[in-house]
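**Student:** kindly generate the corresponding structure for this input.
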Amino acid sequence: MTPDQILTDPLLERIRDRAARYDQDNVFFTEDLEELAAAGYLKIFVPAIDGGLGLGLAAAAQLQRRLATAAPATALAVNMHLVWTGVAHVLAARGDASLDFVLREAAQGEIFAFGNSEAGNDSVLFDSRTVAMPHPDGSYSFTGRKIFTSLSPAWTRLGIFGKDSAARGGDGELVHGFIRRDTAGYEILDDWDTLGMRASQSNTTVLDGAVVPPDRVFRKLPVGPNADPLIFAIFACFETLLAAVYTGVGERALGLGVEAAKRRTSFKNDGRSYAQDPDIRWKVAEAAMAMDALYPQLAELSRDVDALVDHGNQWFPRLVGLKVRATETARTVVDLAIRVSGGSSYFRGSELERLYRDVLAGMFHPSDDESAHNTVANAWLGPLETP
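**Tutor:** Coordinates of the predicted model:
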């Protein structure tokens, strides 16, 4: 099936029509989620034999790119569910069945969210400020504060991790697991009032002794970077699907800029459209060339994940490089589209005004610009030498 057969034009237009209201009212995309679930969109990675679409990361990336052209905040939040189901898919393709239960539960309609981000934790997946306390039965209780928890109003399964500081002889151990919506010991704060991506409702989640049972503790890893397949799978799905969303934002902005250039007329040039103005044409061409460089990078890297290509120590540089290129390119293209479209795009309620706010969120997602450049530099030059 092609992206437009799964995410049909009528469905996409209904989602597009609701995006401005969700943003204006700062509310969750409830109707979008209901329609996407009904269309099987949340089962992209679920095997066909279990009622899913049975697709891989390349197809998911193109679908998310298409969805983001209509509603970036909806696409960004749906990403979090697709990251977890994608991680399960990527691991299964490599012979690791530890997250097969995620695909089984997604097939039954469960919605997964990502509860890993923490304020001030620039180690991201390699350390945690959340305390994971072990219990004799193999369960763990988690106490900490998770930020940017997209899908807060709707998730039924939340992936979290924290540190058991006493494990591994005091070196510490990072414990990964899932809580259910009906788990005691957590609170979702009503604190999502942001510049952009408002419909994602990525509220703060406060964990206060929330218990993950033994059968939902799926990884225990040493503190610090490591080569566990889970880390690769999370990076591969998270970075690629983020890049897909921001590629869609840039794609939509370019289209709006082209429409504006053709629609606007110049008083000083006898009423001709701005599509005939050399300066405007240069800006549109600049935006188009920037996007043309992004599409094949997204397609190729996502296909490589599906095809089990071995990029060795270049995998992480390629993944973070894709994310940074996508988010920065989208920012550039939105800015150019606004310059092409004129002062009307500055008014509240303009789609470009909303895209301008939404696209700024890209700089806050991991890996950020500094971390990505460090990753790429280490891959090419080796680590910094200790004086």
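**Student:** hmm, who's touching the strand or helix carrying residue 375?
**Tutor:** In this assignment (DSSP states H and E), residue 375 forms part of helix 369-381. Here helix 369-381 makes contact (Cβ atoms under 8 Å, 6 or more residues apart in numbering) with 122, 124, 313-314, 316-317, 320-321, 323-324, 328, 363, 367. Yep, even glycine has a C-beta here, placed from its N, CA and C like the rest.
**Student:** can we see that at 7 Å?
**Tutor:** 313, 314, 316, 317, 320, 321, 323, 324, 363, 367 (Cβ atoms under 7 Å, 6 or more residues apart in numbering).
**Student:** quick one: which two of the residues you listed are the most distant?
**Tutor:** Distance extremes for the contacts of helix 369-381: the farthest pair is 313 and 363 at 25.9 Å, using Cβ to Cβ.
**Student:** mind listing what's buried in stretch 121-131?
**Tutor:** 121, 124, 125, 127, 128, 130, 131 (16 or more other Cβ atoms under 10 Å).
**Student:** ok, so of those residues, who is nearest residue 203?
**Tutor:** The closest of those, once distances to residue 203 are taken by Cβ to Cβ, is residue 130, at 16.4 Å.
**Student:** now do the contacts for the closest one.
**Tutor:** Residue 130 sits next to 118, 142, 143, 144, 162, 163, 207 when contact means Cβ under 7 Å, 6+ apart.
**Student:** 6 Å instead, please
**Tutor:** Counting by Cβ atoms under 6 Å, 6 or more residues apart in numbering, residue 130 touches 142, 144, 162.
**Student:** what is the second one paired to in the beta sheet?
**Tutor:** Just to be clear, that refers to residue 144. In this entry, residue 144 is beta-bridged to residue 207, by DSSP bridges.
**Student:** tell me how many other residues surround it.
**Tutor:** When neighbours are counted by other Cβ atoms under 10 Å, residue 144 registers 21.
**Student:** so what pLDDT did it get?
**Tutor:** Here the pLDDT value assigned to residue 144 is 98.
**Student:** my read: it touches residue 209, true?
**Tutor:** No: the criterion here is Cβ atoms under 6 Å, and residue 144 misses it with residue 209 at 10.4 Å.
**Student:** give the buried residues for stretch 93-108.
**Tutor:** Those would be 96, 99, 101, 102, 103, 105, 106, 107, for stretch 93-108 by 16+ other Cβ under 10 Å.
**Student:** chain center to that stretch: distance?
**Tutor:** Mean-position distance between stretch 93-108 and its chain equals 20 Å (Cα atoms, centre = their mean, to the nearest Å).
**Student:** if we can go back for a sec, closest to residue 385 out of the buried residues of stretch 121-131?
**Tutor:** The closest of the buried residues of stretch 121-131, once distances to residue 385 are taken by Cβ to Cβ, is residue 127, at 23.0 Å.
**Student:** what's the burial count for the residue nearest to that closest one when sequence neighbours are not counted?
**Tutor:** Spatial nearest neighbour of residue 127, excluding adjacent residues (Cβ to Cβ, 6 or more residues apart in numbering): residue 223 at 5.4 Å. A count of nearby residues for residue 223, using other Cβ under 10 Å, gives 18.
**Student:** residue 382 too?
**Tutor:** Around residue 382 there are 8 residues (other Cβ under 10 Å).
**Student:** can you check residue 10 too?
**Tutor:** Close neighbours of residue 10, defined as other Cβ under 10 Å, add up to 7.
**Student:** so which strand or helix has it?
**Tutor:** Using DSSP H and E, residue 10 sits in helix 9-25.
**Student:** contacts only, for residue 274.
**Tutor:** Counting by Cβ under 6 Å, 6+ apart, residue 274 makes contact with 261, 264, 266, 280.
**Student:** where does the residue located most distally from the centre of the chain sit, in terms of helix or strand?
**Tutor:** For the chain, the largest distance from the centre (Cα atoms, centre = their mean) belongs to residue 270, which lies 46.2 Å off. Taking DSSP H and E as the definition, residue 270 sits outside all helices and strands.
**Student:** what about it, distance to residue 264?
**Tutor:** 14 Å (Cβ to Cβ, to the nearest Å).
**Student:** likewise for residue 171?
**Tutor:** Counting by Cβ to Cβ, the gap from residue 171 to residue 264 is 62 Å.
**Student:** more neighbours: which of those two?
**Tutor:** When residue 171 and residue 264 are compared for neighbours, residue 264 comes out ahead with 16 against 11, by other Cβ under 10 Å.
**Student:** what helix or strand is residue 221 on?
**Tutor:** Assigned by DSSP H and E, residue 221 belongs to strand 217-222.
**Student:** may I have that strand as CSV, with CA atoms only?
**Tutor:** Extracted C-alpha coordinates of strand 217-222, given in CSV (Å, rounded to 0.1, in the frame of the first residue of the first chain):
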residue,chain,number,x,y,z
VAL,A,217,11.1,-4.7,33.0
PHE,A,218,12.6,-5.4,29.6
ARG,A,219,16.2,-4.1,29.9
LYS,A,220,18.9,-3.4,32.5
LEU,A,221,21.9,-1.7,31.0
PRO,A,222,25.2,-0.3,32.4
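**Student:** could you spell out the sheet neighbours of that strand, each with its direction?
**Tutor:** Here strand 217-222 is paired, per DSSP bridges, with strand 173-180 (antiparallel).
**Student:** what pairs with residue 222 across the strands?
**Tutor:** residue 173.
**Student:** that one and residue 18, how far apart?
**Tutor:** For residue 222, the distance to residue 18 - Cβ to Cβ - is 45 Å.
**Student:** who's more crowded, these two?
**Tutor:** Between residue 222 and residue 18, residue 18 has the larger neighbour count (other Cβ under 10 Å), namely 20 against 14.
**Student:** got the angle between the longest helix along the chain and strand 217-222?
**Tutor:** With secondary structure taken from DSSP state H, the chain has its longest helix at helix 229-263. Here the directions of helix 229-263 and strand 217-222 differ by 100 degrees (axes from the mean of the first three to the mean of the last three Cα atoms, to 10 degrees).
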